[in-house]
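Peer 1: Need a 3D model of the sequence below.
(chains A and B)
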Amino acid sequence: MKKSLLVTLLVLFSTQTFALTAQERGLQIITEVDKRDIGFGDTKATLNMRLIDRRGNESLRSLTMKTLEVIGDGDKSLTIFSTPRDIKGTAFLSFTHALVPDEQWLYLPALKRVKRISSSNKSGPFLGSEYAFEDLTSFEVAKYNYTYLRDETIDGIACFVLELIPNYKHSGYTREVVWIGQARYIAIKVDYYDRKESLLKTQIFKNYKQYLNQYWRASEQIMTNRQNGKRSELIWKDYQFGMGLTDRDFDKNTLKRAR
Amino acid sequence: MLDKFKSSSSFLCLTLLLNTNVLFAAEISGYAGLESLGFIHNPIDSRQHNHYLSGVIEPEFYHEWDDGRQSLAFVPFYRLSQHDNKRTHFDIRELTWLKVANDWELRVGIRKVFWGVTESQHLVDIINQTDLVENSDTEDKLGQPMINLALINDWGTLDLYFLAGFRERTFPGNEGRLRSFPEINTGEERFEKHGIEKQLAYAMRWSHSIGDWDIGFSHFYGMNRDPSIIVEADAAGKIQLIPYYEMIHQTGLDVQLTQENWLWKLESIVRSGQGKTYFAGTGGLEYTFYDVFETGLDFGVVSEYLYDSRGSNAPVAFQDDFLAAIRLGFNDIQSTEVLAGIIFDRTNNTKFYSVEASRRFGNNWKVELESRFFSSVPKNDPSFVLRNDDHFRVEVRYYF
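Peer 2: Prediction:
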């Protein structure tokens, strides 16, 4: 009797301590991903986008992206377009927040006009690409609910597989399935499911490089639309860290003269 | 040893050479275009034409140094137009030196400044003179020489402007369309002040973003950009229309509230010095449905009310008018966009229709289409002179 009570207690104890629920396990993994990226400070990189349609026709976009890490809130980012030439000098300033709407401004150089724009546009395409605005904004833990699904090895990389359900309004996805490399805690692949629950897009992250001996950034990202066959490739170049950027590099005054 | 010296000195030379190149190399971009401007109805004046062809070029030379904290920009502009010699014009849109520090920015030279939030008209925007021959929509501006110091504080940005050199508004010539009858006599302009007082103007603007609110508060003192028109008979008894520029004070407020899919907008001004002190305002909203039916299409609805306290005596077309418009953003690879709207006068029923569309072709070409129609314009409306000027404008641009 006494012995069986002890066993029962032990079993209860061990479930509570060691066996996390799938939700807790998911959150634990994501928190680790997030923790490993804390402290990067600021970055600047150039981005080349190749938009490829079903017939293989290509069009190119190039832009510069600056990011400022904001501890305790979403990051600030400034995106400056250089091609196509007709949108050269157009710049986009964004203050990301976890759950309240982001603040966004657009600068139109021909009119010299700074426009505050609605940040409700999450699911719309970015520059005609297969990337939606929500795919490119800074990642915040509070934006999703997490469930750990399984371990799985893809392309020789041992991964945790997680399901993410967006917490924010206006998302074009019901859920995302994310493969996270177990060794480096970095995203390897993401499947996006549309509002009808069918697979919409798959994104692959390639050629990770490590900066400042800590922060991993993919040099290549490929987003394939599984429903229309279109594809968008992102090539990141000239990553710079620790440039000493401040809030002043991410304000409306800077937006007007960003190059 | 000598060899080593030689190679290091040649390395030094190379470095210097590279640096010099960096110092003097300007980034060149811009566009050149061909425009076809066609009118549907025959002109009121037989000297006017039904179709005008024109060419335009607007290159930009840009150079920055000092880690981007200083830069020089030069943007000349030239349009060569068939028939209307007033529309063939050259302007320096920009020639500015910029110096940036942590809590201020200084700009010296010729440039364009935009203030405001509304779509139908830009009441608050007053720094630059309108280039009316370029486009009747008043969106194009002439370069304004100035010194502009922006003071950047936690409580917002305070811009101080010292505007040196008055620019007169451009008006179409006698062979041009979209003009008054007779054409504005730009050789006879009159000014309330002369000499240095005519040339100088002063302005300041405080602007800030607080949460969902973007606010601007401004004041301008100087020669009005927007002339009154004097009707006079010349020695031969012929009617003449002469622009008259007064000294004015104008206080402006522009506010936008951005909440989810809604943009709420307000612009208002109080102007004194041009006749009786008056008030004018534009207020409205824009609501956008994003990614409609998961097609990527953005469908926006714009509605604004335009008011001028001078009522039907106002020398402006919009004094008690409504704008209703739709904006389509296809978000395709070609960035296809359409803005179509109607402005109707609540008092006299004048209707003004406008459609603007643009689309990129390939990586460097862009086609812009504009069409404007005027309907049921009564004699006493300032746009009565435009009743026969329904038109289509197509411009093909090559961006480099």
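Peer 1: Chain B contacts on the stretch 1-150 of chain A?
Peer 2: Counting by CB under 8 Å from any CB of the partner chain, the positions of the stretch 1-150 of chain A adjacent to chain B are A:51, A:53, A:59-60, A:83-89, A:101, A:103, A:111-113, A:115-118, A:120-125, A:127-128, A:132. All C-beta atoms are positioned from the backbone trio N, CA, C, and that covers glycine.
Peer 1: try it again with 7 Å
Peer 2: Residues of the stretch 1-150 of chain A lying near chain B by CB under 7 Å from any CB of the partner chain: A:51, A:59-60, A:83-86, A:88, A:101, A:111-113, A:116, A:118, A:120-121, A:123-125, A:128.
Peer 1: So what's the residue count around A:Tyr208?
Peer 2: The number of residues packed near A:Tyr208 is 15, by other CB atoms under 10 Å in any protein chain shown.
Peer 1: For the stretch 101-250 of chain A, which segments count as helices?
Peer 2: With DSSP state H, counting those that start in this stretch as the criterion, the stretch 101-250 of chain A has helices at A:133-136.
Peer 1: which other residues reach stretch A:181-191?
Peer 2: Contact with stretch A:181-191 is made by A:32-33, A:36, A:154, A:157-160, A:176-180, A:199, A:202-205, A:208, A:216, as judged by CB atoms under 7 Å, 6 or more residues apart in numbering or on different chains.
Peer 1: Revised request: answer the last question for stretch B:128-141.
Peer 2: With CB under 7 Å, 6+ apart, stretch B:128-141 has contacts from B:79, B:86-87, B:89, B:91, B:112-113, B:142, B:144, B:167-172, B:178, B:225.
Peer 1: Name the helix or strand for B:Ile326, please.
Peer 2: strand B:320-329 (DSSP states H and E).
Peer 1: so where do the helices sit in the stretch 51-200 of chain B?
Peer 2: Using DSSP H, counting those that start in this stretch, helices in the stretch 51-200 of chain B cover B:195-199.
Peer 1: Count residues in the vicinity of the residue of the stretch 301-400 of chain B found nearest chain A, would you?
Peer 2: Closest residue of the stretch 301-400 of chain B to chain A, CB to the nearest CB: B:Tyr399 (3.5 Å). Using other CB under 10 Å, B:Tyr399 is surrounded by 19 other residues.
Peer 1: What of A:Lys196?
Peer 2: Around A:Lys196 there are 8 residues (other CB under 10 Å).
Peer 1: repeat for A:Glu130
Peer 2: There are 23 residues near A:Glu130, going by other CB under 10 Å.
Peer 1: what ranges do the strands span in the stretch 151-300 of chain B?
Peer 2: Under the criterion DSSP state E, counting those that start in this stretch, strands of the stretch 151-300 of chain B are mapped to B:156-164, B:190-191, B:200-210, B:213-223, B:228-233, B:239-245, B:247-259, B:262-273, B:275-289, B:298-308.
Peer 1: Any regions of chain A where pLDDT drops low?
Peer 2: A:1-18 (pLDDT under 70).
Peer 1: Centroid-nearest residue for it?
Peer 2: A:Phe139 (4.8 Å; CA atoms, centre = their mean).
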